[in-house]
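K.L.:
got a predicted structure here, sequence first:
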Amino acid sequence: MIANNKLSRKNFWIIVANSTAAFIISYLLVFYLNHFSIIFSAGMFEHGISFDFSRIVYHVAPSEWTPDSVKVIYGVGPLLVFITGLLALLAYSSMSEDEEKVKIFLLWLTLNALNFVFSGIIIGIIFKIRIAHLFLWMYFNDSQLLMMAMMGFFGIMITSLIMAKRIVFSANSYFNKLDENNYPFFIMAQIIVPFIIGAVLLVIFFIPQIQITETYIWIGLALIITISAILVSKMDAVYFDEEIKETTLSWPLIGIAVFLFFTLRVVFNNEILMNW
């Protein structure tokens, strides 16, 4: 392994910075895809709403809600996020052997999107929020709700199994091989530490209006990461190409993350009223 691919503290934090930036971009993309799908879906039914960077308030009388409006408003967002996650997975799989560091964005986009959907189902059913309204308006009984929650849990498990090997191939941006010697360094720098730092930064982003979903959704992602990390640790050594690898900062990822983090928070800091 060449000098600037040694397991140094400097290289560790370079990898952390790149991955954390990708994590923040992907989560904000997932969150606001769902956020604005709700807003525009409400406009389709001429439901007045107000929103800011984290909340949506409906100015709708109970009698104005219809089964169709509930299904569209609470169902379109998760559906779009799920499709986005699948497309990101396909895109990442097609370029898994490439060395471009930007592909870590696709990895985190897949993880965040699928977790948003599956954990969102579980959290929604427990607290009777968001997608749970869709199930309740479909007159699901307790047994059916439990089955949906179990589907969310199994979705998290399946995501963990699918993503383990994908996580391994994200190492080829920095290393010529992944084995027992550099695995702990890699998994901490590429996945675990960025998840912790990213989650803390996003909690700060949503303060003081942290919603229930943004409070508990990290549990599902932590579970996915933990299971994937354990599976990766049991794999045989993986060898990539022998070309020289450079451990450098991805300034486009970092720049976009900083821009989105501050711009979205400032632009949507004050509540915006939409009377469709």
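P.N.:
That came through fine. Numbers count the residues shown, from 1 in each chain.
K.L.:
quick one, strands of the protein?
P.N.:
In the chain, the strands defined using DSSP state E lie at 48-51, 56-59, 177-178, 238-239, 272-274.
K.L.:
parallel or antiparallel, list what pairs with the last one.
P.N.:
Here the strand partners of strand 272-274, with direction, are listed using DSSP bridges: strand 48-51 (antiparallel).
K.L.:
likewise the fourth one?
P.N.:
With DSSP bridges as the test, strand 238-239 is paired with strand 177-178 (antiparallel).
K.L.:
quick one: the strands of the chain as CSV, columns for mean neighbour count, mean pLDDT and distance to M95 too.
P.N.:
C-betas here are computed from N, CA, C, even on glycine. Compiled in CSV, those are given as follows (neighbours: other CB atoms under 10 Å; pLDDT from 0 to 100; distance: least, CB to CB, whole Å):
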stretch, mean neighbour count, mean pLDDT, distance to M95
strand 48-51, 17, 95, 35
strand 56-59, 14, 94, 35
strand 177-178, 20, 92, 18
strand 238-239, 14, 90, 17
strand 272-274, 13, 94, 37
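K.L.:
is it possible to export those to TSV including distance to V76?
P.N.:
Formatted as TSV, the strands of the chain follow (distance: least, CB to CB, whole Å):
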stretch	distance to V76
strand 48-51	14
strand 56-59	13
strand 177-178	39
strand 238-239	39
strand 272-274	16
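K.L.:
quick one: which of these is nearest T248?
P.N.:
Closest approach to T248 among the strands of the chain (CB to CB): strand 177-178, 19.1 Å.
K.L.:
so R265 is in contact with F53, correct?
P.N.:
Yes: using CB atoms under 8 Å, R265 is in contact with F53, at 5.7 Å.
K.L.:
how close does L7 get to A189?
P.N.:
For L7, the distance to A189 (CB to CB, to the nearest Å) stands at 9 Å.
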